[in-house]
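> sequence-free structure coming up:
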């Protein structure tokens, strides 16, 4: 019966969506117009997320995507989480515009590492806080997405992939933005910079409020970021500070109650880059992240149950890079950090950790080899080793690549110690380990087009999940557990190009999952990945109007498929740009997270200024 339903209902739904998506792409095609934007060619993309050595070298051997500043400004998005929805094989599970989880290649939200300017920002209390970023989207220069493991580079959490958010440089041009629309939503931002002698300073702020897409999902969000850089002692000193304030209704987010949450996030980082010799440089870095969370289970009865958690990370890292031999680049270093938690529910916790790492990239003619390794020591879990080997062979216009890597994740404090009427952690959880094999090919038949295919297999041991028996219903809490093993097979294919003056992308991914788990359990997160993802995207100019559109079909394991249509139309005004966004234009009803209804159709209109000074 299940296969018959798929063969009839889902195939008809899929075909109708494809036809509609192609129609939308056809409407934005006009061979007489000039392209609105040349598609960035990934074979030449320079990123930092996939390497500790010179940017761009080792990323040739891995699957990396880049969302540039120009691209972000063309999309109907206003947060980092919404921008990530336009990235390939990335699954953003939003409860509202104020809170979202991120998954890459079927990972859980705990298995993705989030960085800001190369500094890990993932929260040790819970991955639900990873996207509590003290960075307004208008202050983001680019977003780098590494699909696949990165523990050999960054340590824990980077099992499904890593996201590096690169902020704008200091002394940026000043600009402002204001918008409003459905659900009583209003957003505004302002940013700019100045130069004082050889010192560059910049600041940016963002404000947002909404009544929410359903009762109990209202929010108020404020973000502030300040950056500075200056020459110092024959090197360059750079510092960043960020602060965010976020209050939001969390009805049914984590439990079937009209909950409410108040979150404050502070981050600070400072680094100094010094070239000791023409072939040797050193970069020490200090960072701090502090996260305050006040959670009220029942907004109507705050005294019934409430939690306050304050988590902190403070650490330092030094990286040394060497490039003295032709075709060879080396990087190595170490880090040390302390994590603490003060919580009325989880207790007072602390953990010290350290790491040493090394990476080598060798260019042997048309062959690029990347070898990396890292050892992480944890006060609570001992020593964990993460090796990585990747390679790319150039047979222009074809590139063949492959990689094998180990990754790990230690359980969060919430997974180990949290307890409320509907959720219960286990202190004896074991760390997760994964081994991932990947092969891929990239073809660039024309300057403005490329085709990419990637296949991967990720085998996870002691996978951590929240689950309960199907027969228990809401009366029994969700509990954490270690799933003995789970294997993910994935296939990704994408093609991009400029067709008749329009930037067009077709992307598709298929994921298969098998696990050794006890029968009769419902998975809340880890075993409910996105198993079908088909994307049609296009962007072009229609006279003075620039249009960007995305049609996406998604289906989760054990769930129904749905279509999402997002659209932006923008027109220049001489002093800036007016734009109109249509989100979930088909009004699809679906759940990205079990039991949480996603937003329906919405419309927002806004204005972005040009350079103010």
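All right, it came through fine. The shown structure was predicted, so the numbers you read here are calculated from the model rather than taken from an experiment. Numbering: from 1, shown residues only.

> who are the contact partners of residue 244?
132-134, 221-224, 263-265 (C-beta atoms under 8 Å, 6 or more residues apart in numbering). Yep, even glycine has a C-beta here, placed from its N, CA and C like the rest.

> typo on my end, residue 346
When contacts are taken as C-beta under 8 Å, 6+ apart, residue 346 is in contact with 125, 309, 413-414, 417-418.

> neighbour-wise, which of those residues leads?
residue 414 (26 neighbours; other C-beta atoms under 10 Å).

> quick one on the thing from earlier: between the contacts of residue 346, which is closest to residue 356?
residue 413 (24.9 Å; C-beta to C-beta).

> and the end-to-end length of stretch 206-218?
Start and end residues of stretch 206-218 are separated by 17 Å (C-alpha to C-alpha, to the nearest Å).

> re earlier: please produce a markdown table containing the contacts of residue 346, extended by distance to residue 572, secondary structure and pLDDT.
A markdown table is the format used below for those (distance: C-beta to C-beta, whole Å; DSSP: H, G, I helix; E, B strand; the rest coil; pLDDT from 0 to 100):
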| residue | distance to residue 572 | secondary structure | pLDDT |
| --- | --- | --- | --- |
| 125 | 45 | coil | 92 |
| 309 | 46 | strand | 94 |
| 413 | 50 | helix | 91 |
| 414 | 47 | helix | 91 |
| 417 | 54 | helix | 92 |
| 418 | 50 | coil | 88 |
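
> sorry, back to before: separate out the buried members of the contacts of residue 244.
Buried by 16 or more other C-beta atoms under 10 Å: 132-134, 221-224, 263-265, out of the contacts of residue 244.

> let me see the residues that make contact with stretch 581-594.
76, 92-95, 101, 181, 522, 524-525, 528, 554, 559-560, 562-568, 597-606.

> buried ones in it?
Across stretch 581-594, burial judged by 16+ other C-beta under 10 Å covers 581-585, 588, 590, 592-594.

> also stretch 324-338?
329-335, 337.

> hmm, which two among those residues are most spread apart?
It's 329 and 337 that sit farthest apart of the buried residues of stretch 324-338, by C-beta to C-beta, at 26.1 Å.

> strands of the stretch 1-150 of the chain, start to end?
Per DSSP state E, counting those that start in this stretch, the stretch 1-150 of the chain carries strands over the ranges 63-68, 90-96, 99-104, 112-116, 119-120, 140-147.

> neighbouring strands for the last one, and are they parallel or not?
Strand 140-147 has the following strand partners under DSSP bridges: strand 63-68 (antiparallel), strand 161-167 (antiparallel).

> one more: the fifth one?
Strand 119-120 has its sheet partners listed here by DSSP bridges as strand 112-116 (antiparallel).

> still on that earlier bit, which of the strands of the stretch 1-150 of the chain sits closest to residue 447?
Using C-beta to C-beta, these put strand 63-68 closest to residue 447, at 17.5 Å.

> what does that closest one rub up against?
Contacts for strand 63-68 (C-beta under 8 Å, 6+ apart): 40, 42, 45, 47, 49-50, 83-84, 86-88, 142-148, 401, 438, 440, 452, 454, 492.

> hang on, the earlier thing: between the buried residues of stretch 324-338, which sits nearest residue 209?
Of all the buried residues of stretch 324-338, residue 209 sits closest to residue 337, with 34.9 Å by C-beta to C-beta.

> surely the closest one is in contact with residue 376?
No: Residue 337 is beyond contact range of residue 376, at 10.3 Å (criterion: C-beta atoms under 8 Å).

> mind listing the shared neighbours of those two?
Contact with both residue 337 and residue 376 is made by residues 353-354, according to C-beta under 8 Å, 6+ apart.

> and residue 177, what helix or strand is that in?
strand 175-181 (DSSP states H and E).

> which other helices and strands contact that strand?
Packing partners of strand 175-181 (3 or more C-beta pairs under 8 Å, 6 or more residues apart in numbering; DSSP states H and E): strand 185-196, strand 602-609.

> tell me the strands beside the first one, with direction?
Using DSSP bridges, the neighbouring strands of strand 185-196 in the sheet come out as strand 175-181 (antiparallel), strand 199-210 (antiparallel).

> residue 60 against residue 401, yeah?
Yes: when contacts are counted by C-beta under 8 Å, residue 60 is listed as touching residue 401 (7.4 Å).

> what is in contact with these two at once?
With C-beta under 8 Å, 6+ apart as the test, residue 60 and residue 401 both reach residue 392.

> number of residues surrounding residue 422?
16.

> residues touching residue 462, list them.
By C-beta under 8 Å, 6+ apart, the neighbours of residue 462 are 430-433, 482-485.

> what about residue 439, distance to residue 390?
11 Å (C-beta to C-beta, to the nearest Å).

> I meant residue 510, not that one.
For residue 510, the distance to residue 390 (C-beta to C-beta) stands at 23 Å.

> equivalent analysis for residue 228, please.
Distance of residue 228 to residue 390, computed by C-beta to C-beta: 36 Å.

> so those two - more neighbours on which side?
A direct count of neighbours by other C-beta under 10 Å for residue 228 and residue 390 places residue 390 higher, at 24 against 19.

> which of the contacts of residue 462 lies closest to residue 324?
Of all these, residue 433 has the smallest distance to residue 324: 35.9 Å, by C-beta to C-beta.

> adjacent strands (with direction) for the helix or strand containing residue 270?
Per DSSP H and E: residue 270 is located in strand 258-277. Next to strand 258-277 in the sheet, as set by DSSP bridges, lie strand 235-251 (antiparallel), strand 280-296 (antiparallel).
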